[in-house]
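Engineer: from the sequence below, what's the structure:
(2 chains)
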Amino acid sequence: MTENSDNSPRLALRFALRVLLFFAGLFAVYMVVLAVFANVSLPRTVAARIQKTTNLTLGVLHPGGNTLERYRELDHQQPVDVLFVGSSHSYRSFDPEWFASKGVKTFNMGTTAQAPVNSYYLLERRLDQLAPKTVVYVLFWGVMSGDGIESFLDLSKNMAIEPELISMAWSIRDPRVFNALAMKALRFGASAELAKAKWVPELDERYVGAGYVESNLRYDGKPYELATRIKIEETQREYLEKTIDLVKSRNIKMLLVAVPVPKSTLASLQNYQEYRGEIRALAGKHGVEFVDFNDLVTLKDDTHFLDFQHLNKDGVTALSPVVYKALSDRGLVPAEKTAAR
Amino acid sequence: MLFNSIEFVVFLPVVFALYWLLQRRSLRWQNALFLAASYLFYGWWDWRFLGLLFLSSAVDFALANVIDKTEDQKARKRWLIGSLVVNLGVLGLFKYFNFFIESAADALHAVGLQANLPSLRLILPIGISFYTFQSLSYTLDVYKRDLKPAKNLLDFLAFVSFFPHLVAGPIQRAKDLLPQFYVRRKFDPALAADGCRQMLWGFFKKVIVADNAAFQVNYVFANHASMDGAQLAAGLFLFAMQIYGDFSGYSDIAIGCSRLFGFYLTPNFAFPYFSRDIAEFWRRWHMSLSTWFRDFLYIPLGGNRGSIPRQIFNVMVTFVVSGFWHGANWTFIVWGFLNGLYYIPLLVTGRHRTNLDVVAQGRIFPRFGEAAGIAVTFLLTLLAWTFFRAENLHHAFQYLGGLASRGYGFDREFWIRFGAPLAFSVMMLVAEWFQREKAHALEVARVRPVYRWAAYYAAAVALLLLGNFSEEMFIYFQF
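Structural biologist: Residues are numbered from 1 along each chain as shown, chains lettered A, B, ... in the order given. Prediction:
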């Protein structure tokens, strides 16, 4: 340490300014690096490797999920009776044509791995536009245990940079989401690319409309791949509560649900009952109900499911009347009309 | 508050600015600010833990003053025992109570007796093992008359709660750190710059090496029954990298951060994986804990005085207790025991103090004998790390059994899964090898500015591109 007259505050301030300069330079260098990755075309395998190893997401569209089609349709969507929200458990489970035959107009805002931290901001933007009478939030333990990053990357690839994306990125606070936003902003012609983009379906599935995706595949018995011990992330718990409060503040009714999954999947979960108990308690605290459709319908693993966690077309057909009854018993849907509206 | 969080990114510059602005005002103000900042830092996890921190500190402050004023040796000893009882009692209650209850129940069950023993559902306060040991070292040093007690409670509270190292060390001896609170700190730009470099390196090790390794380590250990030998070996190697990157990374951040405020902390790691024997390893790994146990357990037991069997006893007790300090699980006790066993042959043959210099000093490559020593020492530590990481002894033995009996296939799937974290680990080891004669890998003040700045920017960009910022907790926080 120097022994001369003590000008520590001035030296510290000069040092702080040098550090600030370093961070400014770092920002500039980093933006250049991101701009290069955002605009260079790499072979698919190389891009996949980079994406797996680093905090970068490359490519124009995030595969899977039909988010692109859904949100193009959503931009022009008129008010609905029931709005379904959540992950792929949502958009693969409710057939709008079936509900329309009962006189109930629906839209499914579910997207790949959508977690409460994602849903909250999406709903904040769209609730007024869609003006639903009821919001049905489909809970999946996998995303309740997660960080919302996968959903963010899917949304950011398939949407323009909207305020809700920026708010969502700040709430998640991970380099991957900031990188995704920055790369989208730095990619030349990104908007035109998005406008021209065509989503290519995977597997044996089709986008039916109103957010619903249908598949005819049948589950081959491949075991459940994700973590078997459920631990609800604090962020997801916090945002689920915020979502409930948001919906209720608009005088919209709400129901939390879990859709059926194969029995073999349920059996592999170590603490599913404990998890359900936590969700019920959370729901009760906010004056909403949680309904687990695994309790209300018996489905066959090898007939009604597409894989270890999603329903196929037959499963949706079997589930639909059960869902409708649950909603109508609770006064959450309009009375049945003989013709669709 | 975690170092690798946005909250800390805001917290640090604010505290830095206020601290140096207050420097001209008075020392008391500087220490008061540091105390407030440290309590805010610690209370960010759970404000309820602050009470325990304050209680532990206040008790030792009072008792040390009493010990110092007391002339009667027996009375001094009684007050010291009081401090030991309070500190170790608190530690025992929060950390070890359920372990002893469960072990007692298991022992009774083994002889055919059933016991309905009570257990406590207590949250383990973060860093409790660190700050109780630090506070204990204070009363012990006052008792030994190596240190005069702190006259001012504020200074003492600031010393115990010193935020850069509060939750995961390095454990600072009171005679090293406490006097630094008695003098007005002066800002040294060169030291602060090196502090920033050390912090950058610490973040590299934590966020790139350790946290990326953690993901694969957790997967392998959780699914070890279905892994082949290569995957198990990779999982174990990556755990060695994870715990080193995590813990030494934290120490680097703590030491570097302290320098920003004009404090000097003693080093905690000196490139232990380049050790040529296990004795050298323990002179280079978690040095602050090793010296604590040496001074307050090993030497009072007799140290290396007395017969060989007595020395062996002293060594084994020290290693086993050290293992137990890490956690309330038989796995940590076995880990400590194994390390003690490794040490015994060196002690008995008088070769436990042969490798005191830096390996391959002045050379790029080690000699064959040195390389062999490094490899054998590393393999021995890997064997012991299995117990450290495993959930229980059965898990550890199953893991080791798999390593010994299953085939090793370094196929495409292996490299897809483990390639990146292995590459990051190798980068860290190579950088530290070339800088092994320095305090940390980024101690590069004498390198030409263009290369130096290129290294800083490369490290920082690498952090943002490769770092895992999922707020993975530092491993040693749980101790």
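Engineer: on the three-state scheme, residue A:257 is what?
Structural biologist: Secondary structure, DSSP: H, G, I helix; E, B strand; the rest coil: residue A:257 is strand.
Engineer: now do it against residue A:283, distance only.
Structural biologist: To residue A:283, residue A:257 is 10 Å away according to C-beta to C-beta, to the nearest Å. Every C-beta, even on glycine, is put in place using the N, C-alpha and C of the backbone.
Engineer: give the helix, strand or coil label for the residue of chain B most remote from its centre.
Structural biologist: Within chain B, residue B:112 marks the point farthest from the mean C-alpha position, 40.4 Å out by C-alpha atoms, centre = their mean. For residue B:112, the secondary structure call by three-state DSSP comes out as coil.
Engineer: overlap in contacts, residue A:257 and residue A:283.
Structural biologist: residue A:290 (C-beta atoms under 8 Å, 6 or more residues apart in numbering or on different chains).
Engineer: and residue A:53, what is it in contact with?
Structural biologist: With contact set as C-beta under 8 Å, 6+ apart, residue A:53 has these partners: B:420, B:466.
Engineer: how much space separates it from residue B:249?
Structural biologist: The value you get for residue A:53 to residue B:249, if C-beta to C-beta is used, is 20 Å.
Engineer: for chain A, see how far away the residue farthest from the centre of chain B is.
Structural biologist: 30 Å (C-beta to the nearest C-beta, to the nearest Å).
Engineer: and if you look at residue B:200?
Structural biologist: Taking C-beta to the nearest C-beta, one finds residue B:200 at 10 Å from chain A.
Engineer: host element of that residue?
Structural biologist: helix B:189-203 (DSSP states H and E).
Engineer: need the next SSE after that helix, C-terminal direction.
Structural biologist: Next along the chain after helix B:189-203, with elements defined by DSSP H and E, is helix B:211-222.
Engineer: quick one: mean pLDDT over that next one.
Structural biologist: Mean per-residue pLDDT for helix B:211-222: 92.
Engineer: same check on stretch B:268-277?
Structural biologist: Here the average pLDDT along stretch B:268-277 is 96.
Engineer: now do the end-to-end distance for it.
Structural biologist: 18 Å (C-alpha to C-alpha, to the nearest Å).
Engineer: can you check stretch A:286-300 too?
Structural biologist: 34 Å.
Engineer: now stretch A:155-173
Structural biologist: 16 Å.
Engineer: where does the nearest residue to residue B:358 once chain neighbours are set aside land on pLDDT?
Structural biologist: Once flanking residues are discounted, residue B:358 sits nearest to residue B:437: 5.2 Å by C-beta to C-beta, 6 or more residues apart in numbering or on different chains. Per-residue pLDDT puts residue B:437 at 91.
Engineer: now do the contacts for the residue in the stretch 251-400 of chain B that chain A sits nearest to.
Structural biologist: Closest residue of the stretch 251-400 of chain B to chain A, C-beta to the nearest C-beta: residue B:262 (7.0 Å). The contact partners of residue B:262, by C-beta under 8 Å, 6+ apart, come to A:1, A:8, B:180, B:185-188, B:191.
Engineer: in helices only, show me those residues.
Structural biologist: Counted as lying in helices by DSSP state H, out of the contacts of residue B:262, are A:8, B:191.
Engineer: could you dump the contacts of residue B:262 into TSV with pLDDT added?
Structural biologist: Shown next, in TSV, are those (pLDDT from 0 to 100):
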residue	pLDDT
A:1	41
A:8	88
B:180	94
B:185	89
B:186	90
B:187	93
B:188	93
B:191	93
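Engineer: got a quick PyMOL command for the buried subset of the contacts of residue B:262?
Structural biologist: Here is the PyMOL command that selects the buried residues among the contacts of residue B:262 (16 or more other C-beta atoms under 10 Å in any protein chain shown):
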select buried, (chain A and resi 8) or (chain B and resi 180+185+186+187+188+191)
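Engineer: nearest to residue A:295 among the contacts of residue B:262?
Structural biologist: The closest of the contacts of residue B:262 to residue A:295 turns out to be residue B:180 (C-beta to C-beta; 63.4 Å).
Engineer: what's the nearest residue to that closest one if we skip its chain neighbours?
Structural biologist: Among residues not flanking residue B:180 along the chain, residue B:263 sits closest, at 5.5 Å (C-beta to C-beta, 6+ apart).
Engineer: next: residue B:63.
Structural biologist: residue B:83 (4.6 Å).
Engineer: and residue B:159, by the same measure?
Structural biologist: residue B:178 (4.8 Å).
Engineer: what's the angle from the helix or strand containing residue B:388 to helix B:211-222?
Structural biologist: Per DSSP H and E: residue B:388 is located in helix B:368-389. Counting by axes from the mean of the first three to the mean of the last three C-alpha atoms, to 10 degrees, helix B:368-389 lies at 60 degrees to helix B:211-222.
Engineer: and after helix B:368-389, which helix or strand comes next?
Structural biologist: Criterion used, DSSP H and E; the element after helix B:368-389 is helix B:393-405.
Engineer: and after that next one, which helix or strand comes next?
Structural biologist: helix B:412-434.
Engineer: which secondary structure elements does that next one sit against?
Structural biologist: Using 3 or more C-beta pairs under 8 Å, 6 or more residues apart in numbering or on different chains; DSSP states H and E, the elements in contact with helix B:412-434 are helix A:44-53, helix B:211-222, helix B:229-260.
Engineer: now do stretch B:283-301: distance from first to last residue.
Structural biologist: Stretch B:283-301: ends 19 Å apart by C-alpha to C-alpha.
Engineer: what comes up buried for that stretch?
Structural biologist: B:283-293, B:295-296, B:298, B:301.
Engineer: cool, stretch B:340-357 as well?
Structural biologist: Quick answer for stretch B:340-357 (16+ other C-beta under 10 Å): B:340-344, B:346-347, B:352, B:355.
Engineer: quick one, what contacts the residue of the stretch 101-250 of chain B at minimum distance from chain A?
Structural biologist: In the stretch 101-250 of chain B, no residue comes nearer to chain A than residue B:187, which is 3.8 Å away by C-beta to the nearest C-beta. Counting by C-beta under 8 Å, 6+ apart, residue B:187 makes contact with A:8-9, A:11-12, A:15, B:20, B:23, B:262.
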